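K.L.:
Just a sequence and a predicted model for now, questions to come.
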Amino acid sequence: MPELPEVEVVRAGLEPAVTGATIVAVTVLDDRALTRHTGGAADFEATLTGRVVQAAARRGKFLWLPLAAREGVAAEEAVVGHLGMSGQLLLRATGAAVERHERIRLDIQHPAHGELAVVFADQRTFGSLAVDRLVPTPDAAPGGWGTSEPSVPSQVAHIARDPLDPAFSDRAFRDAVRRKGSAIKRVLLDQTVASGIGNIYADEALWAARIHPETIARTLSARTVGRLLAEVRAVLEKALAEGGTSFDAQYVNVNGQAGYFAHSLHAYGRTGEPCTRCGRPIVRVSFMNRSSHFCPHCQKEPRPV
DNA sequence: GGAATAACCTGGATGC
DNA sequence: TGCATCCAGGTTATTC
């Protein structure tokens, strides 16, 4: 389940291999991996072949590779990707055997590293790649990690910056949270409030901040929201330092290696196990068609409003 | 306009 | 052993 730390590990792994590389061939094995691309597989292949990748950038859970301009097209473009639930971007040798669940392959030629293949594999096909135009950022700050250009793919423009982005506005986050009449966990998962947070890190940050996931967001004080944001950042930074969270083969870096943060979890996936703070069992409840894990002793249920 | 919900999707786990 | 069912969850379209 790739969230911000996992996607950042992938971006950082891709960056040195793709920056300055030319895409020499594109192979689409499964059209479903192009659900965000408007022109279909043939258009995707034709649009990318021969283009030079300028960087590897990320905002929240979205990745993009800005492309050098092409003759006759004024708009700046990028390959934008989302890993969904089970997507992987892998670096392989040119001509390497087709991966299980491989959907798209980009063969590239790098001036220093030679020939490589960027493989997009995805078991559940929730992820996708697309060619998209770049649009200016409203605040004129860089679009995200890995780029100094003040632009983002149009498909990414609607989501907020992520909490590790230097241009993230703590004040805007606090104001947005305190306007919401929904449960705080729902708000944390809302990518237009803050991007990059998924089910795992939402549970972990709420546990760390001792906030019950069903607390109505606007009932939280500004100080509590500030504390929660600090815990969000802490859990994301720790997960990033440990290479992300891997429960199975669903998340790996570009070399196919797993992360270690699963060993540092306090709430997510620990149903029935003792809370590392108070010793009482962690509980799991169904929430928004998914799971929510918390300590009912440390994270008191909110009183009815 | 804000909030809630369903649908998309595949493979592993579980139960019968 | 084989089949059916459940579950995992990020995003988006739809509904209320």
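P.N.:
In hand now; what should we look at? Numbers count the residues shown, from 1 in each chain, chains lettered A, B, ... in the order given.
K.L.:
A:E99 - nearest residue in space that isn't next to it in sequence?
P.N.:
A:A121 (4.6 Å; C-beta to C-beta, 6 or more residues apart in numbering). C-beta: built from backbone N, CA, C; applies to glycine.
K.L.:
Please apply the same query to A:F44.
P.N.:
A:F44 sits nearest to A:H37 (C-beta to C-beta, 6+ apart), 5.2 Å away.
K.L.:
what's near enough to touch the one you found?
P.N.:
A:D43, A:F44, A:S128, A:L129, A:A130, A:V131 (C-beta atoms under 8 Å, 6 or more residues apart in numbering).
K.L.:
again, but for A:H263
P.N.:
A:E242.
K.L.:
what's the closest non-adjacent residue to the residue of the stretch 51-200 of chain A found nearest DNA strand C?
P.N.:
Among the residues of the stretch 51-200 of chain A, A:G198 lies closest to DNA strand C, at 2.9 Å counting by C-beta to the nearest atom of the strand. Distance criterion C-beta to C-beta, 6+ apart; nearest residue to A:G198, sequence neighbours excluded, is A:E3 at 3.8 Å.
K.L.:
these two touch, right, the one you found and A:D203?
P.N.:
No. With contact defined as C-beta atoms under 8 Å, A:E3 does not reach A:D203; the gap is 11.2 Å.
K.L.:
who has more neighbours, these two?
P.N.:
Between A:E3 and A:D203, A:D203 has the larger neighbour count (other C-beta atoms under 10 Å), namely 28 against 24.
K.L.:
Which element, helix or strand, includes the residue nearest to A:E99?
P.N.:
Following DSSP states H and E, one finds A:A121 within strand A:114-122.
K.L.:
contacts for that strand?
P.N.:
A:14, A:17-18, A:21, A:24, A:33, A:81, A:83-84, A:86-96, A:99-110, A:127, A:129.
K.L.:
Quick one: the helices in chain A, in order.
P.N.:
A:4-18, A:40-48, A:170-177, A:184-189, A:199-209, A:222-241 (DSSP state H).
K.L.:
Could you list every helix and strand in contact with the fourth one?
P.N.:
Yep, that's helix A:184-189 we're talking about. Helix A:184-189 sits against helix A:170-177, helix A:199-209, with contacts defined as 3 or more C-beta pairs under 8 Å, 6 or more residues apart in numbering; DSSP states H and E.
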